[in-house]
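Engineer: please work out how this folds:
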Amino acid sequence: MAEGGTSENGLQEKTRAFPQPVKVQLIRNTKVFINNEWRASIRGKRFPTFNPATGVKLCDVEEADREDVDEAVEAAKAAVQRSSPWRRMDASSRGKLLHKLADLMERDRLLLATLETLDTGKPFLQSFFIDLDGSIKTLRYYAGWTDKIHGQSLPIDDSFMCLTRHEPVGVCGAIIPAEFPPGVVNIVPGFGPTAGAAIADHRDVDKVAFTGSTEVGQLITAAAANSNLKRVTLELGGKNPCIVFADCDLQLAVEEIQKGAFYNQGQCCTAASRIFVEESIYEEFVQRSVENAKKIVIGDPMDPQTTHGPQIDQQQFDKIMDLIESGKNEGARLEHGGGAVGEKSLFIQPTIFSGVKDHMRIAKEEIFGPVQCILSFENQQEAVERANNSPYGLVSAVFTTSMDRALSVSAAMETGTVWINCYNALHAQTPFGGYKMSGNGRELGEYALAEYSEVKTVTFKLTETT
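Structural biologist: I've put the predicted structure just below:
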């Protein structure tokens, strides 16, 4: 999220003029996309989508149901048959198609970033420089893998020869967020929660990949288990700890952690939501965090100066405000923010609590909002034990100038990713996934390829010739 330059509050700085959003007169392609064509849903159901910054309705989207899922699965089954054009296509040509999609996204990057901001409320420059940039780089990364997936030749006993093949797992159902908040599942416009469950328990879907909240992920897993022994990978929630030691670059820690806490208005599974700070620097860390938060610009997400937009919808807004109130009631000190911006908007001020204790709701529950919880610790062992005392284990961060401490603490953290002196450093090349209730399996990097392939062992009996 922060690669390729410096950044502040998740906003990448560029020396050239900022790109500008485009005017969207009409939102097209609001139907269900099946078998390479846009079509109306079979039952004719539709749902509205709104601009969270203004409350203005953007459009109505066709809502798919089980019958639409059946058609999508049938089209996918046809595509994986050995006689299909896709299966007959050579590997490098498949890579060219992924590059072509990346080229088209590059061409329409301004439009896509504008639509992302209209739909989710995140600042336009974050949509342009982070979301679109990451999507394009991921497509290009995997385009390069298409002709590099191969098996091995294995030495075995006696007169045998063995080789392995990596073959596609089959029909895959990807149930992913249409936007960051948990529980909103979508694949292309129209496939909502009902269709998500239908995908998970469809007997002809061989693999299900889900990204979203832990609670919905458990339902998806149950649905998949009811059908057959299909593969399931889950990228779920987090309550991500940061450990800040007294020997760190303090200002760097403040800025990186706050970027992690407030990016996308806190609506990230990777949000930096539990910050453990060594006692000797605790008060200064809190003070600098408040000063840094005051620089955050709340406003129209289309304005290049804006770094903080609205929450995605009223339900998420209400949940966040309830958790903020719980923090006050349970004795945490509200250092900054804590309120709504305007009477009827979905904007919430970046919020900082100090004096947070491990038993408080804001220290235990995934807030998915712009709330920074700062706790204190006395020594390294205590910090690690408290950081790991969570059912979640998605990401963590360590801030220290000691390489020995960085290595020992990162080894002890029970999370799928550990960032050292940085935050939200996500790249297409690096695997991403969680421990414990934060999911199973990995996305991105070479590791993700194993989630979508079967390994076949082929053994030959050799006869000696003279």
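
Engineer: so what's A78 up against?
Structural biologist: Residues counted as contacts of A78 (Cβ atoms under 8 Å, 6 or more residues apart in numbering) are S84. Every C-beta, even on glycine, is put in place using the N, C-alpha and C of the backbone.

Engineer: isn't there a helix covering it?
Structural biologist: Yes. Per DSSP: H, G, I helix; E, B strand; the rest coil, A78 lies within a helix segment.

Engineer: measure it to P350 for me?
Structural biologist: 50 Å (Cβ to Cβ, to the nearest Å).

Engineer: what do you get for Q305?
Structural biologist: 16 Å.

Engineer: higher neighbour count, these two?
Structural biologist: P350 (27 against 11; other Cβ atoms under 10 Å).

Engineer: tell me the contacts of that one?
Structural biologist: P350 touches A261, F262, A293, I296, I298, H308, H336, G337, P370, Q372, counting by Cβ under 8 Å, 6+ apart.

Engineer: residue ranges for the strands of the stretch 1-150 of the chain, please.
Structural biologist: Counting by DSSP state E, counting those that start in this stretch, the stretch 1-150 of the chain has strands at residues 7-8, 11-12, 32-34, 37-39, 46-50, 57-62.

Engineer: among those strands, where is the model least confident on average?
Structural biologist: Across the strands of the stretch 1-150 of the chain, strand 7-8 has the smallest mean pLDDT, namely a mean of 40.

Engineer: name the SS class of F368, please.
Structural biologist: For F368, the assignment made with three-state DSSP gives coil.

Engineer: ok, and the closest non-adjacent residue to S402?
Structural biologist: Nearest non-adjacent residue to S402, counting by Cβ to Cβ, 6 or more residues apart in numbering: D247, 5.9 Å away.

Engineer: that neighbour contacts F399, correct?
Structural biologist: No. Counting by Cβ atoms under 8 Å, D247 stays clear of F399, with 9.0 Å between them.

Engineer: who has more neighbours out of those two?
Structural biologist: Between D247 and F399, counted using other Cβ under 10 Å, the more crowded position is F399 (28 against 14).

Engineer: from V384, how far out is the more buried one?
Structural biologist: 14 Å.

Engineer: pull up the overlap in contacts between those two.
Structural biologist: Shared contacts of F399 and V384 (Cβ under 8 Å, 6+ apart): I243.

Engineer: in the protein, what helix or strand scores lowest on average pLDDT?
Structural biologist: The helix or strand of the chain with the poorest confidence is strand 185-186; it has a mean of 34 (mean pLDDT, DSSP states H and E).

Engineer: quick one: which of the strands of the stretch 1-150 of the chain is nearest P168?
Structural biologist: Nearest of the strands of the stretch 1-150 of the chain to P168, taken as Cβ to Cβ: strand 32-34 at 19.8 Å.

Engineer: what comes into contact with stretch 437-448?
Structural biologist: 138, 145, 209, 211, 214, 217, 232-238, 269, 391-394, 415-416, 426-434, 451.
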